[in-house]
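S.K.: here's my sequence, what's the structure:
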Amino acid sequence: MNLRETTFELEVDFKNVTFGGYANFENVTFLSDTNMTAVYFNEGTNLLHMTFSGNISVKNSTFVEPVDFKQSYFRGYLNFQDNVYGAGIGFSGARFNSSLKGSRKMRFPDGMQLDSEGTPVGSRWIKFRYAIK
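M.R.: Okay, the predicted model is just below:
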């Protein structure tokens, strides 16, 4: 499935979806909240340069191959707990909204190594130029 350079303007709710082959989400923008519940990623997934302007919640989902939200931007709250990451998850070069630092609604996967600032190793907090809608 190739969703490269797609913009979702409305809330996205993937529920009980199986991606049976390679899924390309490169340069995908989500302008509203994003929910993934019981989603199964069977093969590789490209998540490079994604933008999440709203909140994102991924629950009860499975990623068989390694997954890395490389150089992605997260403006809202997030929850990446309660999933299966068969070969690991990363956030290399990802940026998180600094106004949410220390929030209980910033939930990274259990066991993920966080740096002294509370972001996954290899990512950081940034100040966004405009307010969250």
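
S.K.: pLDDT value on the residue nearest the centre of the chain, please?
M.R.: Nearest to the geometric centre of the chain sits Phe69, at 6.1 Å (C-alpha atoms, centre = their mean). pLDDT for Phe69: 96.

S.K.: ok, so what distance separates it from Leu114?
M.R.: Here Phe69 is placed at a distance of 15 Å from Leu114 (C-beta to C-beta, to the nearest Å). The way it works is simple: take the backbone N, C-alpha and C, and place the C-beta from them, glycine included.

S.K.: where does pLDDT dip in this structure?
M.R.: Within the chain, the ranges that satisfy pLDDT under 70 run 130-133.

S.K.: hmm, try it at 50
M.R.: Within the chain, the stretches with pLDDT under 50 are 133.

S.K.: any idea where the helices of it begin and end?
M.R.: Using DSSP state H, no helices are found in the chain.

S.K.: number of residues surrounding the residue lying closest to Asp68 once chain neighbours are set aside?
M.R.: In this structure, Asp68 finds its nearest non-sequential neighbour in Gly90, 3.9 Å apart by C-beta to C-beta, 6 or more residues apart in numbering. Using other C-beta atoms under 10 Å, Gly90 has 18 neighbouring residues.
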